[in-house]
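Peer 1: I would like to see how this sequence folds:
(chains A, B, C and D)
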2 protein chains.
Amino acid sequence: MSKPKQVTIVDVAEAAGVSIATVSNVLNRGGIRSSKETIRKVEQAAERLGYRRNTMAAGLSRKKTYELGLIVPGLNGYYGLLAEHLQVEAHNAGYHLSVFSSGGFDPEIERRNLEVLLQRRVDGLICHGLAMGFESTRSIVNSGTPLVLINGWDWPEDIAIGAVNLGFATASEQSVKLLADGGCKKIIYVGSKKAKAVDEQRRIGFLRGVELVGTGIDYDLTDIKEIEVEAFIHNLHGSLTPPVGLVAFDDHIALRLLSAAMKMGIDIPNDLKIVGINNDYIAQHSYPGLTSWDIPYTYQAKKAIGKLLRKLQNSAEQKLAADQEKESLDEAREIDVPLTLIERQSTKTL
Amino acid sequence: MSKPKQVTIVDVAEAAGVSIATVSNVLNRGGIRSSKETIRKVEQAAERLGYRRNTMAAGLSRKKTYELGLIVPGLNGYYGLLAEHLQVEAHNAGYHLSVFSSGGFDPEIERRNLEVLLQRRVDGLICHGLAMGFESTRSIVNSGTPLVLINGWDWPEDIAIGAVNLGFATASEQSVKLLADGGCKKIIYVGSKKAKAVDEQRRIGFLRGVELVGTGIDYDLTDIKEIEVEAFIHNLHGSLTPPVGLVAFDDHIALRLLSAAMKMGIDIPNDLKIVGINNDYIAQHSYPGLTSWDIPYTYQAKKAIGKLLRKLQNSAEQKLAADQEKESLDEAREIDVPLTLIERQSTKTL
DNA sequence: CTGTTAGCGCATTCAG
DNA sequence: CTGAATGCGCTAACAG
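Peer 2: A predicted model of the protein is given here:
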């Protein structure tokens, strides 16, 4: 009970009366065949002694860790769920995913996390665009570690080639269309600039949407930081016929807008329509329910892990030029992950 | 660019013209002094060659990984934030925290995660009570790996001695008092049995609260799974004078209750008062604002990591009986982390 | 099939 | 203060 004294393959070997190589073979190398008898003996001995393979030793020896690293800005909301799904996919592929939060957007912490990951000799890295600085990202690529970016729209071509991005732009664009179709003559985007590239995508999509629905639409773009929510809604109050449409940065901001409107007794969705993004729990359970865009976590995770694994193979197998060619067709550009609209009472009467 | 060829201390050593031992000393062992000159040479060489210590090799050699493991039921909401804070505290203490989600409460996944962690030879483990099965937990303890439980009220004494628990019971109890003081004559707990021990704590506290406020209070306990929220609120509708009080399992459930009530045009907080737990983003931004209990993440994380580190020391230093004695005073029972009430419009008119 | 051997990259005595 | 030697636990050829 005091000194459980690590049991190693050596112990198992002599307990089973075979060599350590044999133990290694039967225990953690499916490829090499052994006689039924030895297999049984070894497995039995291992079981009895409570043997547990030492990951470090194995990794050191085979020069591959089967560990992947993930760096996200935080572990709340979208990030947490994303991390969870990525972890599952990684595990399914036989890899371990080490999750790191860069604590907001602190470049200091980011550097440290990266260093830790690299020192662990992770086989590959998945990073959220928002969590990474240009410098460090460059250094990863240089270090030779395969990298896949998530939501990294604003990255240089050579890096972004491994990006898996959510289709926020299209979602925003369609939000505008939805609101316009719903009779809104004035449509406003309430964003969150501190989310940088993520916010930028929304803005791009919003403007595209405005263009799409043509003239006759009055529009505006604001930032949640720059407005006082209640005052903002209050100002709208006078001009709610025809209805005004609000495209919110996400469901959280949508909820704030919604709350302020409710407080003022504004009729939703008849006088004011709101659409969020994320389809969080709150979107389904607020009153009125919030129209929002659902994120396909599993899909995105699969894509990201899949892409990374393919990169791993390529960097390992040192492929021929011909193969490289073929592959580039598949991996040429970043992957776009489409969201799907979930309509609720904040935009339509049931 | 193709084969960055791992640079090792050997490379650094010859580049600096010293032995590998010296390199190891100056690079990762503050304790051993070296001449200013060698230090400079070594650091310079390391820098130039882009040396990065191999965690596995180091760990293998010194038989300590400086890695801690965390197993939580998921990475959403509370869990995600907790993980994030624990990670920070761990890093501050010079450790790396590997976060695992046991994917809901799947015992299968839990076993696998545990196995991975143990194979990595983590120095210690932090587990959320809800994420663990009895079997596996027992096996951890037996494996000799120090363990700290989070929210593990329902565990046997010998394991729970390393627990850091949130004071949900007290929070619920005080919620009842708050509602009673607010004039509620009927108070109902709307729980979530699937949250097992966590829900149980709330129930215990709730009942304690009922007892505390004495007679004259009509109370009831229900489960979110067993009611249809709107129907539930509807039933209350007739008997809202004096006001009814609702103690919700968490802010999410509180939001649902709130939404249903709003939809029905019930006057909150005059006819119906609601209090949640967690003080989530939604609690502050819903309308009306939700009275809730704030969770001291940093505090809990500090306590948990601190406790684990102390256990690490003890198991390493093989302390004398006398020391063990002294320590047990400090660590005798599980630590209780108190929440703090944040009152908003769902219980009081501003 | 199974055993022997040579590292993987680093920390750590123990001499010098 | 510095260097040579030993081993951590395991994998990967290579022989037998």
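
Peer 1: who in chain A is up against DNA strand C?
Peer 2: Proximity of chain A to DNA strand C, by Cβ under 7 Å from any atom of the strand, involves residues A:17-22, A:25, A:32-35, A:37-38, A:57, A:60-61, A:63. Backbone N, C-alpha and C define where each C-beta goes, glycine included.

Peer 1: which residue ranges form the helices in the stretch 1-150 of chain A?
Peer 2: Using DSSP state H, counting those that start in this stretch, the helices of the stretch 1-150 of chain A run over A:9-16, A:20-28, A:36-49, A:55-62, A:77-92, A:107-119, A:134-143.

Peer 1: between those, which one is nearest to residue B:281?
Peer 2: Closest of the helices of the stretch 1-150 of chain A to residue B:281 is helix A:77-92, at 8.5 Å (criterion: Cβ to Cβ).

Peer 1: nearest to residue A:219, of the helices of the stretch 1-150 of chain A?
Peer 2: Comparison of the helices of the stretch 1-150 of chain A against residue A:219 by Cβ to Cβ identifies helix A:77-92 as nearest, at 26.3 Å.

Peer 1: shaky segments in the stretch 1-150 of chain A?
Peer 2: Residues of the stretch 1-150 of chain A meeting the criterion pLDDT under 70: A:1-4, A:30-32.

Peer 1: near DNA strand D at all, stretch A:96-106?
Peer 2: No. Under the criterion of Cβ under 7 Å from any atom of the strand, DNA strand D is not reached by stretch A:96-106; the shortest gap measures 14.5 Å.

Peer 1: Might one say that residue A:218 is in contact with residue A:184?
Peer 2: No. Counting by Cβ atoms under 8 Å, residue A:218 stays clear of residue A:184, with 9.2 Å between them.

Peer 1: So between those two, which is more surrounded?
Peer 2: Comparing residue A:218 with residue A:184 by other Cβ atoms under 10 Å in any protein chain shown, the one with more neighbours is residue A:184, at 24 against 12.

Peer 1: so what pLDDT did residue A:161 get?
Peer 2: pLDDT recorded at residue A:161 is 75.

Peer 1: What is the burial count for it?
Peer 2: Residue A:161 has 18 nearby residues by other Cβ under 10 Å.

Peer 1: Touching, it and residue A:311? I think so.
Peer 2: No. Residue A:161 is not in contact with residue A:311 according to Cβ under 8 Å; the separation is 9.8 Å.

Peer 1: what helices or strands is whichever strand or helix holds residue A:308 leaning on?
Peer 2: Residue A:308 is part of helix A:297-317 when elements are defined by DSSP states H and E. Applying 3 or more Cβ pairs under 8 Å, 6 or more residues apart in numbering or on different chains; DSSP states H and E, one finds that helix A:297-317 contacts helix A:77-92, strand A:124-128, strand A:147-150, strand A:163-166, helix A:321-331, strand A:335-337.

Peer 1: Relative to the whole chain's centre, how far out is stretch A:186-196?
Peer 2: Relative to its chain's centre, stretch A:186-196 lies at 21 Å (Cα atoms, centre = their mean, to the nearest Å).

Peer 1: For that stretch, list every residue counted as buried.
Peer 2: For stretch A:186-196, burial by neighbour count (16 or more other Cβ atoms under 10 Å in any protein chain shown) applies to A:186, A:187, A:188, A:189, A:190, A:191, A:192, A:195.

Peer 1: how near is the fourth one to chain B?
Peer 2: Going back to what we said before, that points to residue A:189. 19 Å (Cβ to the nearest Cβ, to the nearest Å).

Peer 1: give me phi/psi at that residue?
Peer 2: phi -100, psi 130 (degrees, to the nearest 10).
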